[in-house]
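[1] Sequence and predicted structure are below.
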Amino acid sequence: MAETIFTKIINREIPAEILHDDELALAFRDISPQAPVHVLIIPKEPIESLATLQTEHQALAGHLLLLAAKLARQLGLTNGYRLVTNIGSDGGQSVPHLHFHLLGGRELSWPPG
Ligand code: AMP
């Protein structure tokens with residue numbers, strides 16, 4: 001898989017406001033926040049999207065989801081929040097490295113555009 005901007009963040013080649021860093025995952029604030037809290041949660045392994053996750057990634061997938069819930073608690077999103085992953089061009093994915101958007105801190109409308 002080609003290097004993306006997220007690989008550069010993982011490798012500390014470009015700066016980001018990192019909220020969590022472990023062996024498997026990184027979480028950092030989105031550069032263009034769409035809500036008062038907008039955090040991206042990514043695997044360190046360069047997986048293109050949810051659509052390319054394999055059975056071998058089961059534990060990693062669980063890790064990313066549990067991390068999202070933990071960050072939401074730590075960030076005080078007691079009123080709720082949204083976890084989104086965009087997949088491919090119809091899904092509006094602009095960075096081809098799997099990521100979950102954790103959005104909160106305001107009431108979010110539905111359906112998304
Ligand atoms: P998506 O459109 O779902 O692929 O989401 C990609 C997200 O990455 C967008 O919300 C961007 O604002 C965000 N993004 C792009 N470059 C950076 C960066 N250097 N640091 C933090 N977030 C970024």
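    Received it, and whenever you're ready, just let me know what you need.
[2] near the ligand, which residues of the protein show up?
    Applying CB under 6 Å from any ligand atom, one finds that the chain approaches the ligand through 5, 14, 16, 30-32, 40, 86, 92-95. (C-beta placed from N, C-alpha, C; glycine too.)
[3] where does this protein have low pLDDT?
    1 (pLDDT under 70).
[4] how about the helices of it, start to end?
    For the chain, applying DSSP state H gives helices covering 5-10, 58-74, 88-91.
[5] The residues of the chain next to the ligand, buried ones only, as a PyMOL selection?
    The following PyMOL line selects those of those that are buried, judged by 16 or more other CB atoms under 10 Å:
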select buried, resi 16+30+40+86+93
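[6] Which members of the residues of the chain next to the ligand are the farthest-apart pair?
    Largest separation among the residues of the chain next to the ligand by CB to CB: Ile14 and Gly92, giving 22.4 Å.
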